[in-house]
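S.K.: sharing a model prediction with you, sequence too.
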Amino acid sequence: MFRFLLATVLFAFACAGAQAQFRTIPAEAKRATLSHVQGMTVEIDGKRTDLAAGAQIRDGRNMIVVPTAVPPGVRIKYLPDAQGRVARIWILSPQEEAQPDPEK
């Protein structure tokens with residue numbers, strides 16, 4: 001019984017560490033405000049643009065979010081693809097939002 005309890009506690013600690021994964025947002029990612037408009041169309045800083053095919057939106061926990069689930073006016077960093085469509089979006093956590101952009 002004691003071994004089972006000990007194994008369960010150790011497993012829980014191991015899983016907790018896996019949940020707190022560090023994510024890296026590229027330095028060239030641009031800071032903006034995002035709102036979903038319709039389908040694959042979003043509004044970034046008031047300008048409508050399309051999401052690229054296979055675009056990824058990740059929340060502050062680095063989980064993938066569908067465009068319709070994005071809260072309006074959320075602060076993000078994003079990268080466009082070669083055609084100018086938005087390919088990668090990171091919804092900023094409060095800690096990431098408070099950090100200044102890296103010097104270029």
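M.R.: Everything's here; your move. Nothing here was measured: the structure is a model prediction, and the numbers come from that model.
S.K.: per-residue confidence at Gly84?
M.R.: pLDDT, Gly84: 89.
S.K.: how about residues contacting stretch 50-64?
M.R.: 21, 23, 40-42, 65-67, 70, 80-81, 83, 85-94, 96 (Cβ atoms under 8 Å, 6 or more residues apart in numbering). Every residue, glycine included, has its C-beta placed from N, CA and C.
S.K.: give me the buried entries from those residues.
M.R.: Val42, Val65, Pro67, Val70, Val86, Ala87, Arg88, Ile89, Trp90, Ile91, Leu92, Glu96 (16 or more other Cβ atoms under 10 Å).
S.K.: which of those fall in helices?
M.R.: Among those, the members falling in helices (DSSP state H) are Glu96.
S.K.: from the contacts of stretch 50-64, which land in strands?
M.R.: Mapping those onto strands (DSSP state E) picks out Thr41, Val42, Pro80, Val86, Ala87, Arg88, Ile89, Trp90, Ile91.
S.K.: ok, those vs Pro100, which is closest?
M.R.: Trp90 (15.9 Å; Cβ to Cβ).
S.K.: need the CA coordinates for the helix or strand hosting Gly54. CSV is fine.
M.R.: Gly54 is located in strand 47-58, with elements delineated by DSSP states H and E. In CSV, the C-alpha atoms belonging to strand 47-58 read as follows (Å, rounded to 0.1, in the frame of the first residue of the first chain):
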residue,chain,number,x,y,z
LYS,A,47,-6.3,45.3,-40.4
ARG,A,48,-8.0,42.2,-41.8
THR,A,49,-5.8,39.5,-43.0
ASP,A,50,-6.0,35.8,-43.8
LEU,A,51,-4.5,32.9,-41.9
ALA,A,52,-2.1,30.7,-43.9
ALA,A,53,-3.1,27.1,-44.6
GLY,A,54,-2.0,25.1,-41.5
ALA,A,55,-1.6,28.2,-39.4
GLN,A,56,-1.2,27.6,-35.6
ILE,A,57,-2.5,29.7,-32.8
ARG,A,58,-1.1,28.8,-29.4
